[in-house]
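# Got a predicted model here, sequence first, then my questions.
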Amino acid sequence: MQDLVNLFVKSIFVENMVFAYFLGMCSFLAVSKSVKTATGLGIAVIFVLVVTLPVNYLIYKYVLTAGALAWLDPSFADLDLNFLSFIIFIAVVASIVQLVEMIVEKFSPSLYNSLGIFLPLIAVNCAILGGSLFMQERGYETLGQATTYALGSGIGWALAIVSLAAIREKLKYSNIPAPLRGLGITFIVVGLMGIAFMSFMGIKL
């Protein structure tokens, strides 16, 4: 249990998808103009990660790894389908994103309209695919670890975009020099937030 808690905290703060690996920066910068929109996208990203990463874990462990298909037939014991990981992971992510898009459109049309093109673009959000690839690279041993990592990574990404959106809303009422308005001051704020999150690297877990 302690290992799962450590993994959860680490994936939110120490290995934050945005500030540690710069993943998902496109939608992070574009949709962080209002807290409401950023919260909606953050929840959608959490949902997609929590669903896709465990599914990809099961597919990877019981289908793609070397000898994983031995349960079907002993003749498959030497079969290694690792080279299909990228294609399978992307297919799963795209399917779940399509499901999320339909749910949001049905139950929250206003959020669907405000997110615009960035909702379907979750399918190519490198934070989503990065979660599955990190799961594969780090060799998580149980479904619980994969799910915990997915939840923590999603919350970390959502925390980052909502925090930036809150700051950007406050900046609208600030006296900012004309050359820095818009993305200029946003890049400076993101850099400072990244430096702030680096302080969590000192936590011993």
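That came in fine, so what should we check first?
# before we move on, which element is V45 in?
helix 35-59 (DSSP states H and E).
# just how off-centre is stretch 153-168 within its chain?
11 Å (C-alpha atoms, centre = their mean, to the nearest Å).
# Keeping just the C-alphas, turn that stretch into PDB.
This file holds the C-alpha atoms of stretch 153-168, laid out as PDB (Å, rounded to 0.1, in the frame of the first residue of the first chain):
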ATOM      1  CA  SER A 153      -0.200  11.400 -13.900                       C
ATOM      2  CA  GLY A 154      -3.700  12.600 -14.900                       C
ATOM      3  CA  ILE A 155      -4.200  14.500 -11.700                       C
ATOM      4  CA  GLY A 156      -0.700  16.000 -12.100                       C
ATOM      5  CA  TRP A 157      -1.500  17.200 -15.600                       C
ATOM      6  CA  ALA A 158      -4.900  18.500 -14.500                       C
ATOM      7  CA  LEU A 159      -3.300  20.300 -11.600                       C
ATOM      8  CA  ALA A 160      -0.800  22.000 -13.900                       C
ATOM      9  CA  ILE A 161      -3.300  23.200 -16.400                       C
ATOM     10  CA  VAL A 162      -5.900  24.400 -13.800                       C
ATOM     11  CA  SER A 163      -3.100  26.300 -11.900                       C
ATOM     12  CA  LEU A 164      -1.900  28.000 -15.100                       C
ATOM     13  CA  ALA A 165      -5.500  28.900 -16.000                       C
ATOM     14  CA  ALA A 166      -6.100  30.500 -12.600                       C
ATOM     15  CA  ILE A 167      -2.900  32.500 -12.900                       C
ATOM     16  CA  ARG A 168      -3.700  33.600 -16.500                       C
END
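# Name the surrounding residues that touch it.
Residues outside stretch 153-168 that contact it (C-beta atoms under 8 Å, 6 or more residues apart in numbering): 11-13, 15-19, 24, 27-28, 31-35, 37-39, 41-43, 45-50, 53, 127, 131, 134, 186, 189-190, 193. Bear in mind the C-beta positions are built from the backbone N, C-alpha and C, glycine included.
# Next, the angle from the top helix by length along the chain to helix 35-59.
Identified as the longest helix of the chain according to DSSP state H is helix 143-171. Relative orientation of helix 143-171 versus helix 35-59 (axes from the mean of the first three to the mean of the last three C-alpha atoms, to 10 degrees): 160 degrees.
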